[in-house]
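In: Sequence isn't available, so here's the structure alone:
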DNA sequence: GGATATTAGTTGATTTTGTAACTAACAAGG
DNA sequence: CCTTGTTAGTTACAAAATCAACTAATATCC
């Protein structure tokens, strides 16, 4: 290993990832936080239910890769906002299927559109091939 | 705007960034957290002081883009670990220059090496041009 | 020089996250 | 059945991040 000091935080991949993630997250927050008072996990839960339909908290957590306590709190918060209802599963009363309400679906529709638009806005910074490569790299890094 | 539902969280850039950032951060934590009991901001402060030499908390915060309360707490923690000392600036007693101690420098040296190695390990996932492009994209996104 | 405004840094209160322990319901083996 | 083990989900407590208010020192303007 060389002894020089040319290596810098600006070149350290985890740092760059954290900076880019924080910047984009802060910017997109305005849609779900300012407008609906949601936290990030709430937005993710809403997204999954809107995009894939009703499912239990367990299925949500598995699919989204989010811990069950976070899911539980997000579900409670979304319930308080009247964005979803719980329907206990008939043959296993531990589980409850989560259904978006009308209001929840409306919020999802708006945020889904905002997300697509924001993604396009970000991707416009890059050429098509560059942007595709970026997403592939990030997907790979997420699995590390 | 089209009405289809093909767009997915896995394709949403802020989500991908968050996942990749969290994964890499969790993996690198082991160096500064498990070994030295440091938090991420402490590691960043240590890095800046080791890499660029003594400076005040204000300069640190400006350079690292970190809020002063986070800097203040990280500096206190690093002081408790005897990794740095404060030297009040003679002609402005509000400010204090932060100097790494011998132990602080040693920790920096080790973590600096670990960071370089970890960066190389991550970058080995990609081709040279791909990795370079990735870092350029991330740098751009950090400024959004 | 003295009132007012700024700046560096700290502290405290509130919110959010992470971790572990817990309850309730079901499953399996005897 | 009935003990033991698992699973879904919640709750309680600790660690950490965020934001506002504060102190002390300096700068500015009249």
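Out: Great, that's in hand. None of these values were measured; they are calculated from a predicted model.
In: most residues in a single helix of chain A, which one?
Out: helix A:102-123 (DSSP state H).
In: Find out how far that helix is from the centre of the chain, if you would.
Out: 12 Å (Cα atoms, centre = their mean, to the nearest Å).
In: Moving C-terminal from that helix, which element do we reach first?
Out: helix A:128-142 (DSSP states H and E).
In: Now do that following helix against helix A:102-123, angle only.
Out: If you take axes from the mean of the first three to the mean of the last three Cα atoms, to 10 degrees, helix A:128-142 sits at 120 degrees to helix A:102-123.
In: what about helix A:128-142 and chain B, touching?
Out: Yes: with Cβ under 8 Å from any Cβ of the partner chain as the criterion, chain B is reached by helix A:128-142 at A:130, A:131, A:133, A:134, A:135, A:137, A:138, A:139, A:140, A:141, A:142. For every residue, glycine as well, the C-beta is placed using N, CA and C.
In: residues from chain A in reach of DNA strand D?
Out: A:56-58, A:61, A:68-69, A:71-73, A:75-76, A:94-96 (Cβ under 7 Å from any atom of the strand).
In: Now which of those residues would you call buried?
Out: In those, burial by neighbour count holds for A:56, A:57, A:61, A:71, A:75, A:95, A:96, counting by 16 or more other Cβ atoms under 10 Å in any protein chain shown.
In: Including distance to DNA strand C, secondary structure and pLDDT, could those go into JSON lines?
Out: Shown next, in JSON lines, are these (distance: Cβ to the nearest atom of the strand, whole Å; DSSP: H, G, I helix; E, B strand; the rest coil; pLDDT from 0 to 100):
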{"residue": "A:56", "distance to DNA strand C": "13", "secondary structure": "strand", "pLDDT": "96"}
{"residue": "A:57", "distance to DNA strand C": "13", "secondary structure": "helix", "pLDDT": "96"}
{"residue": "A:61", "distance to DNA strand C": "12", "secondary structure": "helix", "pLDDT": "94"}
{"residue": "A:71", "distance to DNA strand C": "11", "secondary structure": "helix", "pLDDT": "97"}
{"residue": "A:75", "distance to DNA strand C": "13", "secondary structure": "helix", "pLDDT": "97"}
{"residue": "A:95", "distance to DNA strand C": "8", "secondary structure": "coil", "pLDDT": "95"}
{"residue": "A:96", "distance to DNA strand C": "11", "secondary structure": "strand", "pLDDT": "96"}
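In: hang on, the earlier thing: pull out the buried members of the residues of helix A:128-142 next to chain B.
Out: Here, 16+ other Cβ under 10 Å leaves A:131, A:133, A:134, A:135, A:137, A:138, A:141, A:142 buried among the residues of helix A:128-142 next to chain B.
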